[in-house]
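Colleague: can you look at this prediction? I've put the sequence above it.
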Amino acid sequence: MKFFIDTANLKMIQEAQDLGILDGVTTNPSLMAKEGISGEKNIIDHYKKICEIVDGDVSAEVISTNFEGMIEEGEALAELHSNIVVKVPIIKDGIKAIKYFSDKGIKTNCTLIFSAGQALLAAKAGATYVSPFIGRLDDVSTDGMDLIAQIRGIYDNYLFETEILAASVRHPIHIIQCAEIGADVMTGPLSAITALLNHPLTDIGLAKFLSDFKKVNG
Ligand code: G3P
């Protein structure tokens, strides 16, 4: 299972990278805005900085909602760095754009997936990744994990190569359940990733090992 971090914060990306388990980064316009990144040049520079930290796929989202605009933006983003994956929303022109990028060998991440039908269309268009938003489904009392399982089943039925990138991950249980179902990738905040480390018995056990060592070694 690949681990992506879902942030545009360079310090957090570096921290996850330093752990040695990071496979990529996902960003979106909200996450870029959260870091105060605005203006074309600053946005481009920021994506380049992320690509210099991580040796893996970095999703950069288009803002346009029409085919021509998405193509123009996506091609410019893809030229920034070989790590860039063009992130495109699941709308009619988005599907056309994904097909266009896919035919040109440009990697894509189809975002804002909330149904199996959307995921099926994205795979048909040749998306590299499809991003179902688990947490946002949970927010509206719908089990996001059911969608991951449904998409896994459909993709396996037809051997689609599109990777399921479980997004809007909020906590470690999401990550574990995604791994159980067989999501190819998860993207979440650093806090959800590092929370996988936590277990009180580990803390108690380590404290005991160290105190026993001190008893005989001073
Ligand atoms: O990867 C999608 C993600 O950024 C959305 O997460 O927590 O805003 O629902 P969230």
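Modeller: Cool, got the structure.

Colleague: so Met145 belongs to a helix, correct?
Modeller: Yes - the assignment for Met145 (DSSP: H, G, I helix; E, B strand; the rest coil) places it in a helix.

Colleague: which one is it nearest to, not counting chain neighbours?
Modeller: With sequence-adjacent residues excluded and distances taken as CB to CB, 6 or more residues apart in numbering, Met145 is closest to Gln177, at 5.0 Å. Bear in mind the C-beta positions are built from the backbone N, C-alpha and C, glycine included.

Colleague: the one you found touches Asp146, doesn't it?
Modeller: No - with contact defined as CB atoms under 8 Å, Gln177 does not reach Asp146; the gap is 10.4 Å.

Colleague: more crowded one of the two?
Modeller: The residue with more neighbours, out of Gln177 and Asp146, is Gln177; 19 against 13, by other CB atoms under 10 Å.

Colleague: where's the more buried one, which helix or strand?
Modeller: Using DSSP states H and E, Gln177 falls within helix 172-181.

Colleague: now do the buried residues in that helix.
Modeller: Pro172, His174, Ile175, Gln177, Cys178, Ile181 (16 or more other CB atoms under 10 Å).

Colleague: count the residues that sit near Thr162.
Modeller: Residues near Thr162, counting by other CB under 10 Å: 24.

Colleague: check the buried residues of helix 172-181 against the ligand, which are close?
Modeller: When contact is defined as CB under 6 Å from any ligand atom, the buried residues of helix 172-181 do not meet the ligand at all.

Colleague: of all those residues, which two lie farthest apart?
Modeller: Farthest apart among the buried residues of helix 172-181 by CB to CB are Pro172 and Ile181. That separation is 15.0 Å.

Colleague: buried residues in the longest helix that the chain contains?
Modeller: When the chain is parsed with DSSP state H, its longest helix is helix 200-217. By neighbour count on 16+ other CB under 10 Å, the buried set for helix 200-217 is empty.

Colleague: other residues contacting that helix?
Modeller: Contacting residues not belonging to helix 200-217 are not present [CB atoms under 8 Å, 6 or more residues apart in numbering].

Colleague: what sits closest to Thr128 if chain neighbours are left out?
Modeller: Lys107 (4.3 Å).
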